[in-house]
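Student: Build me a model from this:
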Amino acid sequence: MKLSILHNAYQSIGPSGENEVVNQEFSRLQKIAPDVQLILANSDKIFSGSLLWKIRLTLQSVLFGYPTITSQQRKRIAASDVVHLHNSFPAFGFNIVKNLKKRQKYVVMSIHNARLSCLNGSHSYAGKACFRCVDKRYFASGVIRGCYRQSKFQSLLYSRYTRLFLRDFHLVDHFIVLNFFSFQKLIDLGVSDKRISIRPTICDGPSKTYDPQEKGLLFAGRLTEEKGVDLLIQAWVESTAPKNGWKLYIAGEGPLRKRLESKFSPADGVIFLGMLSEEKISEAIRNCRIVCVPSKSFEGFPSLISKSAANGRPVVISNVGPLAELSGLDWITSLAAEVEVWREYFNTLNQDNYSYKNLSARDWWEREASPSRADSNLLKIYEDLKMRKLR
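Tutor: Numbers count the residues shown, from 1 in each chain. Take a look at the predicted model:
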């Protein structure tokens, strides 16, 4: 079986969990699949090109749906039996699924975010949850607000691309989604539940877990309103945790960093780490007792949650959108996205049973999100497709 993984990588101006997931998945599949290749389009090159190139891209990919990939990449796709599609915009064109089916390819598609129902992919606007475009055909609110890359013109182009891309959803042989929210969205679009698999973000982990080095909590992500970092820090400084020797570590970059750093300091128990490599983030997780995901908007399944579980660390989340689906796990604490609720949680930090939650988190990762099990299940999806008649 010849397998091709297609992904239009997001720009490197900020960390991309999806880019990381695709690259790691490809690296692991190389070890267990005899013939797998990654066909990558680079958004850094796409958006830094000349004006003439951008016009050509707009006409070819967004208006007419033709791919702007190289002839060599086209040949590699043509030689494949199964194609696993991740992000297609803009390089692969909105006709990518139709073109693959015309060439008798089995198509698997992973959905990592909410961009099929929200132009910015997070169901948020001005730091608040927003669902105006859900079930709307033309994304009018998103276009008017300039939700895609803060540009009305680019939002208009992206809304057209997405609308036309959705026309061929019925041709995809199998979908992989991160949560029940996305599962239900596909059901609403007429996709059979037999063609959908739900699985969390998969990540590597250490061979064993380690006891935390200090009384610390970690936030790692974009420093933006929708990620809830301002809510997190405000609740923290109003709580008794800093006085009890706890520290809050903030890893990442974003538009809120300067304002937050000017307002809060290590004297408040808040320490800014800046942008960290994946290796350093794992190290920071191991050094802390708890990981915080205080998002105010749609999150698919943040890789930080899987990484925390792999390292045996409990996680505190906001019960917003699909994240609320995790509230039944005993190593997850689910809170309303409100300052006073998080403040009260921080006031009780010394009362939690961390040893039990550490073991439970690691046990969940080994069952649900470890590469050994997840990758064999993924290969089974590919192989099962080969046994079916082409759609």
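Student: So what's the residue count around L119?
Tutor: With neighbours defined by other Cβ atoms under 10 Å, the count for L119 comes to 23. To be clear about C-beta, it is placed using only N, CA and C from the backbone, and glycine gets the same treatment.
Student: Correction: the previous question concerned I233.
Tutor: Number of residues near I233 (other Cβ under 10 Å) recorded here: 25.
Student: Not counting its neighbours along the chain, what's nearest S334?
Tutor: S327 (3.7 Å; Cβ to Cβ, 6 or more residues apart in numbering).
Student: contacting residues for that neighbour?
Tutor: Contact analysis of S327 by Cβ atoms under 8 Å, 6 or more residues apart in numbering lists 317, 319, 334.
Student: Just the pLDDT at it, thanks.
Tutor: Per-residue pLDDT puts S327 at 90.
Student: Determine the three-state secondary structure at it.
Tutor: helix (DSSP: H, G, I helix; E, B strand; the rest coil).
Student: what about it, distance to S303?
Tutor: The gap separating S327 from S303 is 19 Å, by Cβ to Cβ, to the nearest Å.
Student: just to revisit the earlier point, looking at the contacts of S327, state which has the most neighbours.
Tutor: Neighbour-wise, those (other Cβ under 10 Å) top out at I317, 24 neighbours.
Student: hang on, that residue in a helix?
Tutor: No. Under three-state DSSP, I317 sits outside any helix and is assigned strand.
Student: wait, what's in contact with it?
Tutor: 293-295, 305, 323, 326-327, 332-335.
Student: and if we set it to 10 Å?
Tutor: Taking Cβ atoms under 10 Å, 6 or more residues apart in numbering, we find I317 in contact with 228, 291-295, 299, 302, 305, 323-324, 326-327, 329, 332-335, 337.
Student: Ok, P90 next?
Tutor: By Cβ under 10 Å, 6+ apart, P90 lies in contact with 8, 41, 43, 46-47, 54, 57-58, 60-62, 67-68, 157-158, 161.
Student: List buried residues within the residues you listed.
Tutor: Buried subset of the contacts of P90 (neighbour count, 16 or more other Cβ atoms under 10 Å): 8, 41, 43, 46, 57-58, 60-62, 67-68, 157-158, 161.
Student: Let's have the residues you listed in a markdown table, adding distance to K258, pLDDT and secondary structure.
Tutor: Formatted as a markdown table, these follow (distance: Cβ to Cβ, whole Å; pLDDT from 0 to 100; DSSP: H, G, I helix; E, B strand; the rest coil):
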| residue | distance to K258 | pLDDT | secondary structure |
| --- | --- | --- | --- |
| N8 | 31 | 92 | strand |
| A41 | 33 | 87 | strand |
| S43 | 26 | 77 | helix |
| I46 | 29 | 69 | helix |
| L57 | 34 | 75 | helix |
| T58 | 34 | 76 | helix |
| Q60 | 39 | 81 | helix |
| S61 | 36 | 81 | helix |
| V62 | 35 | 80 | helix |
| P67 | 40 | 82 | coil |
| T68 | 37 | 79 | coil |
| L157 | 31 | 88 | helix |
| Y158 | 29 | 89 | helix |
| Y161 | 34 | 90 | helix |
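Student: can you tell me which of the residues you listed lies nearest to K98?
Tutor: Comparing those against K98 with Cβ to Cβ places P67 closest, at 11.6 Å.
Student: Just the element for the closest residue to that closest one other than its chain neighbours, please.
Tutor: Distance criterion Cβ to Cβ, 6+ apart; nearest residue to P67, sequence neighbours excluded, is G93 at 4.5 Å. Taking DSSP states H and E as the definition, one finds G93 inside no helix or strand.
Student: Quick check, G93 in contact with R74.
Tutor: No. With contact defined as Cβ atoms under 10 Å, G93 and R74 do not form a contacting pair (11.5 Å).
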